[in-house]
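**Q** The sequence and its predicted three-dimensional model are supplied below.
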There are 2 protein chains.
Amino acid sequence: MREALTAAATHRVARPAPLRQAVYDALIELIISGSLTPGQHLVEAELAEHLGVSRQPVREALQRLQTDGWVDLRPAQGAFVHSPTEEEAAQLLGVRSVLETYSARLAAGNAKPEDVERLWELQEEGVGALAAGDVERLVTANTALHSFITSIAANAVLAELISQVSRKVRWYYTPIAKPRGKDAWNEHAQLIKAIAKGDAERAGEIMRKHTERTGDYRKAVAAGATALS
Amino acid sequence: MREALTAAATHRVARPAPLRQAVYDALIELIISGSLTPGQHLVEAELAEHLGVSRQPVREALQRLQTDGWVDLRPAQGAFVHSPTEEEAAQLLGVRSVLETYSARLAAGNAKPEDVERLWELQEEGVGALAAGDVERLVTANTALHSFITSIAANAVLAELISQVSRKVRWYYTPIAKPRGKDAWNEHAQLIKAIAKGDAERAGEIMRKHTERTGDYRKAVAAGATALS
DNA sequence: CCGCAGCATTCTGTATGCAGAAGTTTGTAT
DNA sequence: ATACAAACTTCTGCATACAGAATGCTGCGG
């Protein structure tokens, strides 16, 4: 297991990545995959043995996992896998929406012709995946499109926050993660047009509605709605 | 302080805070106060001795400081105080602006009469401090007003992000931290009126302009402008 | 049968020890 | 004098050790 961890880490960074980084990644994987369930008490010694390292790198990984919102660290009690609540999920969606809206506004102000071209390529990819019914490709394309818009926005602080928030949103909704489909990609097309025109106001407005609808949709699915539109 | 912001922590028993928390706070204080200058190499052993603890809590505090953006952690080299750039400062101001704007919108939708009453009290305090020329009181009142609005917004995720971003903004501009004065508090009054009416749209708009002006003002001061209006 | 006090166990939080990497200095040869 | 290399000096990263808190268990008394 130790070999697996170090091997997984080596291709990441030029410098030898610390063990704690590998542990951090491994634990997130375990949480996302459901091997560690919300509320579960994480005993350092057990994790250490399971991963073939000492408690030290495990502790340091847990620290980061806390500040990133994956686990709760209760003093003198240890780490517990974070239990997402409906309320918190709703709050996350709201925050993500305003951040993405800002991202779209900035992108509209910055986008160069080649950026727009790339956006259309990603749009094509998404529409293609939609037509093929390839859900995994669809999700990938959606993520790529949004994060490319963020990169056009050229605001590292914003990008970091969106990344953090989005990852948690994804986790909360993992069990019901169904892409919205056609409507969403029509909205993407409108968004790209606005960005191409440099119309920040309109780009922001479209993104705001887009993300709010995604939130509503996910809530609906959570409440029992089926299928994808 | 961070705990106080999360709703979950409110009804939790006060437990002895781990040393690493104290170290974390102490290091931020040292960074903000300028005792530790940007780019400086932080040697764990030195910090440990200076703070009277072992290297262990120091290490764990540095981990968190990294994910919160206060230090950079280079593998096998250790921690370096993060060097803020003009660009990053501008990005922070932008992000803070959209977050505060969202906060104002939410507050307008949630505010109860007693909340509005409290807001007017804080407003009085600020105006009083302004008249008395008491800068410290003015800053305190300003912070209190903004954070009370955030608490009315009742979004823990948002509150956490605003807290993080604001603290860094304060750090970047510490050397030139001069409050804007009369104009800012006129804007506050307008803002409270909008919140009282439950006019989210208007409250958001006022806050957006308010925070953008604060950013502009600070930039102007940074560029050499004097005094407070 | 239930409640509670005291003890045992378990786990965290902190300290210390140790091996290896990174940076620095010194010495040597050209 | 300069370039290069090897030893040296740090410092990090990980492992191990130990003290104290929190939880659970046991046994006694009601």
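**A** On my side now, so go ahead.

**Q** burial count for residue A:84?
**A** Using other Cβ atoms under 10 Å in any protein chain shown, residue A:84 has 16 other residues around it. Where you see a C-beta, it was placed from the backbone N, CA and C, and this is true even at glycine.

**Q** Tell me how far it lies from DNA strand D.
**A** In this view, residue A:84 and DNA strand D are 22 Å apart by Cβ to the nearest atom of the strand, to the nearest Å.

**Q** Which stretches in chain A count as helices?
**A** In chain A, the helices defined using DSSP state H lie at A:2-10, A:19-33, A:44-51, A:55-67, A:86-110, A:113-132, A:135-153, A:156-172, A:182-197, A:200-222.

**Q** can you redo those as CSV with distance to chain B, mean neighbour count and mean pLDDT?
**A** Formatted as CSV, those follow (distance: least, Cβ to the nearest Cβ, whole Å; neighbours: other Cβ atoms under 10 Å in any protein chain shown; pLDDT from 0 to 100):
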stretch, distance to chain B, mean neighbour count, mean pLDDT
helix A:2-10, 11, 14, 36
helix A:19-33, 8, 19, 90
helix A:44-51, 13, 16, 94
helix A:55-67, 5, 21, 92
helix A:86-110, 4, 22, 94
helix A:113-132, 19, 15, 94
helix A:135-153, 10, 19, 92
helix A:156-172, 4, 19, 88
helix A:182-197, 17, 19, 93
helix A:200-222, 10, 19, 83
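
**Q** For chain B, see how far away residue A:34 is.
**A** 23 Å (Cβ to the nearest Cβ, to the nearest Å).

**Q** And for that residue, the neighbour number?
**A** Neighbour count of residue A:34, defined by other Cβ under 10 Å: 10.

**Q** re earlier: out of the helices of chain A, nearest to residue B:23?
**A** Ranking the helices of chain A by proximity to residue B:23 (Cβ to Cβ) places helix A:55-67 first, at 12.1 Å.

**Q** quick one on the thing from earlier: nearest to DNA strand D, of the helices of chain A?
**A** helix A:19-33 (2.7 Å; Cβ to the nearest atom of the strand).

**Q** That closest one to helix A:44-51, inter-axis angle?
**A** Counting by axes from the mean of the first three to the mean of the last three Cα atoms, to 10 degrees, helix A:19-33 points 90 degrees away from the direction of helix A:44-51.

**Q** Can you tell me which helices and strands helix A:19-33 packs against?
**A** If contacts are counted by 3 or more Cβ pairs under 8 Å, 6 or more residues apart in numbering or on different chains; DSSP states H and E, helix A:19-33 sits against helix A:2-10, helix A:44-51, helix A:55-67.

**Q** so what's the residue positioned nearest the centre of chain A closest to, chain neighbours aside?
**A** Nearest to the geometric centre of chain A sits residue A:167, at 2.7 Å (Cα atoms, centre = their mean). Leaving aside its sequence neighbours, residue A:167 sits nearest to residue A:68 (Cβ to Cβ, 6 or more residues apart in numbering or on different chains; 7.9 Å).

**Q** What residue spans form the domains of chain A?
**A** According to automatic domain parsing, chain A comprises the domains A:2-81, A:86-222.

**Q** Please produce a markdown table containing the helices of chain A, extended by distance to residue B:208.
**A** Listed next are those as a markdown table, based on distance: least, Cβ to Cβ, whole Å:
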| stretch | distance to residue B:208 |
| --- | --- |
| helix A:2-10 | 43 |
| helix A:19-33 | 35 |
| helix A:44-51 | 45 |
| helix A:55-67 | 29 |
| helix A:86-110 | 11 |
| helix A:113-132 | 26 |
| helix A:135-153 | 17 |
| helix A:156-172 | 16 |
| helix A:182-197 | 20 |
| helix A:200-222 | 12 |
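
**Q** about what we covered before: quick one: closest of the domains of chain A to DNA strand C.
**A** Among the domains of chain A, domain A:2-81 sits nearest to DNA strand C (Cβ to the nearest atom of the strand), with 2.9 Å.

**Q** Establish whether that closest one and DNA strand D are in contact.
**A** Yes: interface with DNA strand D: domain A:2-81 contributes A:18-20, A:53-57, A:60, A:75-77 (Cβ under 7 Å from any atom of the strand).

**Q** anything in that domain sitting right up against DNA strand C?
**A** Yes: using Cβ under 7 Å from any atom of the strand, we find that domain A:2-81 touches DNA strand C at A:15-16, A:41-45, A:55-56, A:59, A:73-79.

**Q** Of those, which count as buried by neighbour count?
**A** The neighbour-count criterion (16 or more other Cβ atoms under 10 Å in any protein chain shown) marks A:42, A:44, A:56, A:59, A:73, A:79 among these as buried.

**Q** Could you report the distance from the residue located most distally from the centre of chain A to residue B:23?
**A** The C-alpha centroid of chain A is most remote from residue A:76, which lies 30.8 Å away (Cα atoms, centre = their mean). Distance of residue A:76 to residue B:23, given as Cβ to Cβ, to the nearest Å: 17 Å.

**Q** how about residue A:94, what does it touch?
**A** Each residue near residue A:94 by Cβ atoms under 8 Å, 6 or more residues apart in numbering or on different chains is listed here: A:215, B:102, B:106, B:155, B:157-158.

**Q** redo that, cut-off 10 Å
**A** Contacts of residue A:94 were listed using Cβ atoms under 10 Å, 6 or more residues apart in numbering or on different chains, and they are A:165, A:211-212, A:215, B:102, B:105-106, B:153, B:155, B:157-158.

**Q** roughly how far apart are it and residue B:105?
**A** Note on residue A:94: its distance to residue B:105, by Cβ to Cβ, is 10 Å.

**Q** Overlap of the contact sets of the two?
**A** Counting by Cβ under 10 Å, 6+ apart, the shared contacts of residue A:94 and residue B:105 are residue B:153.

**Q** Pull up the gap between the residue nearest to the centre of chain A and residue B:24, please.
**A** Separation of residue A:167 from residue B:24 (Cβ to Cβ) stands at 23 Å.

**Q** out of everything not next to it in sequence, what's closest to residue A:67?
**A** Closest residue to residue A:67 apart from its sequence neighbours, by Cβ to Cβ, 6+ apart: residue B:67 at 4.7 Å.

**Q** The one you found touches residue A:68, doesn't it?
**A** Yes: the criterion here is Cβ atoms under 10 Å, and residue B:67 meets it with residue A:68 at 6.6 Å.

**Q** related to what we said a few turns ago, identify the residues contacting the residue nearest to residue A:167.
**A** Here residue A:68 is in contact with A:24, A:28, A:82, A:164, A:167-168, B:67 (Cβ under 10 Å, 6+ apart).

**Q** Sweet, I'm off.
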